[in-house]
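S.K.: With the sequence up front, the predicted model follows.
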Amino acid sequence: MFSGCPCIGMAIVILVGLSVLFTGCTSPTDQRIPAVTESPGGTPGQSSGGTTSTPAPASTEVSSSLPCGVTISVPADWTRQDVMASGVRDYGTTTVNIANFYSPYAIPGDRSSYITLSVDIDQNPGTDFEKYFNNVTVAVQKTYEALTHVEIHSYSLKISGYKSYELDFQTEQIKVTYIFTSTENGMYIFAFKVPNKLRAVQAFQGAVVDIYPSIRINPPVVEVTRYR
């Protein structure tokens, strides 16, 4: 998708999935993360189960500062849902879902045609980024048995200066782009999803291109008390 980045090319063999357990960024409770491909409760962005929802003003875009050192700009008519809960994701790891964003309906009258963006962090991904990426790719292919198209890219893509890989796939129902960004404090995952409908996918592709360059990551620094 990001044509300006040189591609290393990566062949993935379906072997095993990976499940990584860890504690949350701010000690969240261990509960199932709301599925970002489902409506969060009536209309996109409405919260449920104790999360908070922040509608954006009607302007071009809005920059959001999130926990765990993430700043991201999204269209101002998208809705933000703060979560901070841990759970197992469809790519096989347990992460903290920091926040979700929901677009308006891409197809007028179609209440399922909104784009979702979830921002997650895996604080214990291990030190081998390539192995991590291979394992989540295998897990995705196990989760979605009816994949109609998969693109697996190992890019020299940089998100806020950090090495990042991209995984694109689709089924008859959904289209997905994942961006995995490896930092010294954990793996950040930005997951874009939309129903696999022509007008919704067209809006989705534009949204990914516009949003991903805005991502800034400044992982919190752990203060170490020095003793004399």
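M.R.: Good, I have the coordinates.

S.K.: Would you mark the buried spots in stretch 196-203?
M.R.: 196-197, 200-201, 203 (16 or more other C-beta atoms under 10 Å). Quick note: C-beta positions are derived from backbone N, CA and C, even for glycine.

S.K.: Quick one: mean pLDDT for that stretch?
M.R.: For stretch 196-203, the mean pLDDT works out to 92.

S.K.: Next: stretch 112-121.
M.R.: The average pLDDT within stretch 112-121 is 95.

S.K.: How about stretch 99-109?
M.R.: pLDDT averaged over stretch 99-109 gives 94.

S.K.: List of residues touching that stretch?
M.R.: Contacts of stretch 99-109 with the rest of the structure, by C-beta atoms under 8 Å, 6 or more residues apart in numbering, involve 34, 36, 40, 44-45, 64, 66-67, 74-75, 77-84, 111, 113-119, 194, 197, 199-200, 202-204, 207.

S.K.: How many residues are close by G161?
M.R.: 10 (other C-beta atoms under 10 Å).

S.K.: And Y178, how far from A207?
M.R.: Going from Y178 to A207 by C-beta to C-beta, to the nearest Å gives 14 Å.

S.K.: again with F101
M.R.: Distance from F101 to A207, by C-beta to C-beta: 10 Å.

S.K.: And for V194?
M.R.: Using C-beta to C-beta, V194 is found at 8 Å from A207.

S.K.: three-state assignment of Q202?
M.R.: At Q202 the chain is in helix, as set by DSSP: H, G, I helix; E, B strand; the rest coil.

S.K.: who has more neighbours, V194 and A207?
M.R.: V194 (27 against 21).

S.K.: For the helix or strand hosting the more buried one, name the packing helices and strands.
M.R.: Using DSSP states H and E, V194 sits within strand 186-195. Other helices and strands packing on strand 186-195, by 3 or more C-beta pairs under 8 Å, 6 or more residues apart in numbering; DSSP states H and E, are strand 116-122, strand 174-183, helix 198-211.
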